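Enquirer: sequence first, then the predicted structure, then my questions.
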Protein chains: 2
Amino acid sequence: MKKNSKEAIVTAAISLFNTNGFSGTSIRDIAELAKVNTATIAYYFEHKLGLLEYCFTYFFEQYINKIEEAYASIDHGAKGCLKRLVANLLHYQCENNHLASVVYREMSVDSQIVREIMSTYSLKEKYYLQKIFEKGFEWNEFRPHSIPYLIIQLKGLLMMPFMNTNYLREVLYIFPNEPFFEQKYLKEINFWIDKTLSFEIREKKEAFIK
Amino acid sequence: MKKNSKEAIVTAAISLFNTNGFSGTSIRDIAELAKVNTATIAYYFEHKLGLLEYCFTYFFEQYINKIEEAYASIDHGAKGCLKRLVANLLHYQCENNHLASVVYREMSVDSQIVREIMSTYSLKEKYYLQKIFEKGFEWNEFRPHSIPYLIIQLKGLLMMPFMNTNYLREVLYIFPNEPFFEQKYLKEINFWIDKTLSFEIREKKEAFIK
């Protein structure tokens, strides 16, 4: 058995899940594209659901690492920390745009495995975002606001290009796999952080006088 | 053949596509839930793809109507027009939240039918959004900005709760089918329009002096 056949299976699975969806892909399709036999897939992943689980875990382990890496700088300010987090996650998604698309689409299906992933990784992510927002309120960097509604907006902005890659490409002629996209879109989210989330200096003074 | 069996089939299909995905649902499942036989489904929709096509068309015909309804008020100002458009679309999505979830998820799969839907409805939507943004720049209501990148953000904010309903419910305890959600989330998007998209009065003056 070739050492890199596991990798070839994962690459083939991500590509096919991305184009045809998880349910629209068979083990046979994956075996064919990866140039392995179906028994090899069974050896590594048991069944198709095992492959999806592997994709989820592989994606979110690194995803949470990127969040924790940024969170380490929280004592230097909430706004800087959030901008670092956004830059990390955007870069990570751009680098793994096919995997991100697969993971985000399949996370929208209601299943046992999705609920398990949410109760570990999504709750962890929520914990860190909540901490950053709370510190931002406390340190007068962010306008006081409902945290869940801020999370919806931030995640909406972050996930949109990877949940709708066809739309971006076919309708807007924007390609989320190009380096230019990452730079430009990062500025957009930072602009949201500066304008919608943060106090402006003028407002800060007013809040201070009160 | 009962007059309302077509409706029962569509309702059952939306519910099953929503929970299990399009590819994860069989005609047999739909027939069972709708309490019809599979021949009745074939009579109305030919095959499963015909049902998905029906869902897409049904959803986007009304969706574009909501946009056109709002666009009729463009001469009273771009910002007011965009806020009306957002209110219309959010209300429409909340009222049809299962259908919206199905449509948005299946739109992320790359297929012939999706490309056709995009080349009619998504291009129409883009046309109106582009017009509104251009008028907003011209009338000094909005900051000059890349239109495709504004569309990504606006659509990201609008679609997020319906592409990630499980996440909202399980992780954030927010329920997009409740009337409270619609009111509150509309305020959030309007805040984005006011803060990120629009000039503030102070900035407007500065732009005028230049």
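Expert: Now that the structure is in, tell me what you want to look at. Numbers count the residues shown, from 1 in each chain, chains lettered A, B, ... in the order given.
Enquirer: for chain A, which spans come out with low pLDDT?
Expert: The model of chain A has pLDDT under 70 over residues A:1-3, A:201-210.
Enquirer: for chain A, longest helix please?
Expert: If you go by DSSP state H, chain A has its longest helix at helix A:48-71.
Enquirer: quick check: closest non-adjacent residue to residue A:47.
Expert: residue A:27 (7.5 Å; CB to CB, 6 or more residues apart in numbering or on different chains). Every residue, glycine included, has its C-beta placed from N, CA and C.
Enquirer: could you do residue A:83 as well?
Expert: The shortest distance from residue A:83 to any non-neighbouring residue, by CB to CB, 6+ apart, is to residue A:190 (5.8 Å).
Enquirer: so which strand or helix has the one you found?
Expert: Using DSSP states H and E, residue A:190 sits in helix A:179-192.
Enquirer: give me the contact list for that helix.
Expert: A:83, A:86-87, A:90-91, A:94, A:153-154, A:157-158, A:161, A:174-176, B:146, B:149, B:152-153, B:192, B:196 (CB atoms under 8 Å, 6 or more residues apart in numbering or on different chains).
Enquirer: show me the contacts for residue A:11.
Expert: residue A:34.
Enquirer: and the angle for the helix or strand hosting it with helix A:48-71?
Expert: Take DSSP H and E as the rule and residue A:11 turns out to sit in helix A:5-20. Interaxial angle, helix A:5-20 versus helix A:48-71 (axes from the mean of the first three to the mean of the last three CA atoms, to 10 degrees): 90 degrees.
Enquirer: flag every buried residue along helix A:5-20.
Expert: Across helix A:5-20, burial judged by 16 or more other CB atoms under 10 Å in any protein chain shown covers A:5-6, A:8-18, A:20.
Enquirer: now swap in stretch A:86-97 and tell me
Expert: A:86-90, A:92-94, A:96-97.
Enquirer: hey, C-alpha coordinates of it in CSV?
Expert: The C-alpha coordinates for stretch A:86-97 follow below in CSV (Å, rounded to 0.1, in the frame of the first residue of the first chain):
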residue,chain,number,x,y,z
VAL,A,86,-9.9,37.5,10.9
ALA,A,87,-6.6,37.7,8.9
ASN,A,88,-5.7,34.2,10.2
LEU,A,89,-9.0,32.7,9.3
LEU,A,90,-9.3,34.3,6.0
HIS,A,91,-5.8,33.2,5.0
TYR,A,92,-6.6,29.7,6.2
GLN,A,93,-9.8,29.5,4.2
CYS,A,94,-8.2,30.9,1.1
GLU,A,95,-5.4,28.3,1.3
ASN,A,96,-8.0,25.5,1.8
ASN,A,97,-10.9,26.9,-0.2
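Enquirer: before we move on, the earlier item: mind saving the C-alpha coords of the helix holding residue A:190 as CSV?
Expert: Output of helix A:179-192 as CSV, limited to C-alpha atoms (Å, rounded to 0.1, in the frame of the first residue of the first chain):
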residue,chain,number,x,y,z
PRO,A,179,-4.0,36.2,-3.5
PHE,A,180,-5.5,39.5,-4.6
PHE,A,181,-8.9,38.5,-3.2
GLU,A,182,-7.5,37.7,0.2
GLN,A,183,-5.8,41.1,0.6
LYS,A,184,-8.8,43.0,-0.7
TYR,A,185,-11.4,41.1,1.3
LEU,A,186,-9.4,41.4,4.5
LYS,A,187,-9.6,45.2,4.1
GLU,A,188,-13.4,44.9,3.8
ILE,A,189,-13.8,43.0,7.0
ASN,A,190,-11.4,45.3,8.8
PHE,A,191,-13.6,48.2,7.6
TRP,A,192,-16.6,46.5,9.1
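Enquirer: among the buried residues of stretch A:86-97, which lie within helices?
Expert: Using DSSP H, the buried residues of stretch A:86-97 in helices are A:86-90, A:92-94, A:97.
Enquirer: counting neighbours, what do you get for the closest residue to residue A:8 other than its chain neighbours?
Expert: Leaving aside its sequence neighbours, residue A:8 sits nearest to residue A:34 (CB to CB, 6+ apart; 4.3 Å). The local packing of residue A:34 (other CB atoms under 10 Å in any protein chain shown) involves 21 other residues.
Enquirer: same check, this time on residue A:119
Expert: Close neighbours of residue A:119, defined as other CB under 10 Å, add up to 12.
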